[in-house]
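Chemist: Make a model of this:
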Amino acid sequence: MPLPGIDFLGERLRMTNLRNEEQVAIIQAGTVLSLCEKWLKQIEGTEAALTQKMLDLENEKKGYLEEELDYRKQALDQAYMKIQELEATLYNALQQDPGRRASESLTEAQREDLRAAVEKVRRQILRQSREFDSQILHERMELLQQAQQRIRELEDKIELQKRQLKEIEEKVNKCLILNLISQNLF
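Modeler: Residues are numbered from 1 along each chain as shown. Next comes the predicted model:
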């Protein structure tokens, strides 16, 4: 973004016979401003790349978390199915051959105790699975928050550099104007 002062100074340079030192000062100031403009474009490019990287990181982490959650759900489903299979096997074993000897068969109270124990194990497995899922999700969220914090820090740095660059541009522009005023060129 060319500064309007530079165009004006360029016109004055063409229209007026300036001393060599004045021409050199104006050319140097123009060079500094050109460099500032390049830096500003680089900063804007870096900011755009950083924003894209932030979006990519968020999408990557989101995808990873979704995959992890799907895996945990599948593991939980498999554990639940295994529990149901064991319950069915136990039930079938308890229902078979009711005429067996009394010492080999379970009493109704023992059957209830066994069912309660199976239910307790099932709840414990489900609870552990949920705790593990929660822990993984918490860890991934912490990583995502750390990445977002780092991105915010970098964005703040870019903003600071932009402000510094703008201050430099303003100072150079003021110096040029003051130099021209002091030379009575206006």
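
Chemist: Find out how far stretch 56-71 is from the centre of the chain, if you would.
Modeler: Taking C-alpha atoms, centre = their mean, to the nearest Å, one finds the center of stretch 56-71 at 12 Å from the center of the full chain.

Chemist: average model confidence for it?
Modeler: Mean per-residue pLDDT for stretch 56-71: 80.

Chemist: what comes up buried for that stretch?
Modeler: Using 16 or more other C-beta atoms under 10 Å as the burial criterion, the residues of stretch 56-71 that qualify are 57, 61, 65. All C-beta atoms are positioned from the backbone trio N, CA, C, and that covers glycine.

Chemist: Also stretch 118-136?
Modeler: Of the residues in stretch 118-136, those scored as buried under the neighbour-count criterion (16+ other C-beta under 10 Å) are 122, 129, 133.

Chemist: thinking again about what came up before, list just the nearest of the buried residues of stretch 56-71 to Val172.
Modeler: Val172 has its nearest neighbour among those in Leu57, at 37.4 Å by C-beta to C-beta.

Chemist: need the contact list for the closest one.
Modeler: Neighbour list for Leu57: 144, 147, 151 [criterion: C-beta atoms under 8 Å, 6 or more residues apart in numbering].

Chemist: Now, those that are in helices?
Modeler: If you go by DSSP state H, the contacts of Leu57 have 144, 147, 151 in helices.

Chemist: In PyMOL, how would I select the buried members of those?
Modeler: Buried members of the ones in helices among the contacts of Leu57, identified by 16+ other C-beta under 10 Å, are gathered into one PyMOL selection as follows:
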select buried, resi 144+147+151
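
Chemist: Now distance to Arg115 and pLDDT too, for the ones in helices among the contacts of Leu57, in a markdown table please.
Modeler: Conversion of the ones in helices among the contacts of Leu57 to a markdown table gives the following (distance: C-beta to C-beta, whole Å; pLDDT from 0 to 100):
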| residue | distance to Arg115 | pLDDT |
| --- | --- | --- |
| Leu144 | 43 | 84 |
| Ala147 | 48 | 83 |
| Ile151 | 54 | 85 |
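
Chemist: Looking at the ones in helices among the contacts of Leu57, which one is closest to Ala117?
Modeler: Ranked by distance to Ala117 (C-beta to C-beta), the ones in helices among the contacts of Leu57 are led by Leu144 at 40.6 Å.

Chemist: Does the closest one touch Lys61 like I think?
Modeler: Yes. The criterion here is C-beta atoms under 8 Å, and Leu144 meets it with Lys61 at 4.6 Å.

Chemist: pLDDT below threshold where in this structure?
Modeler: Residues of the chain that meet the criterion pLDDT under 70 lie in 1-18, 94, 96-106, 184-186.

Chemist: mind listing the helices for it?
Modeler: Here the chain has its helices, by DSSP H, at 4-15, 20-95, 108-182.
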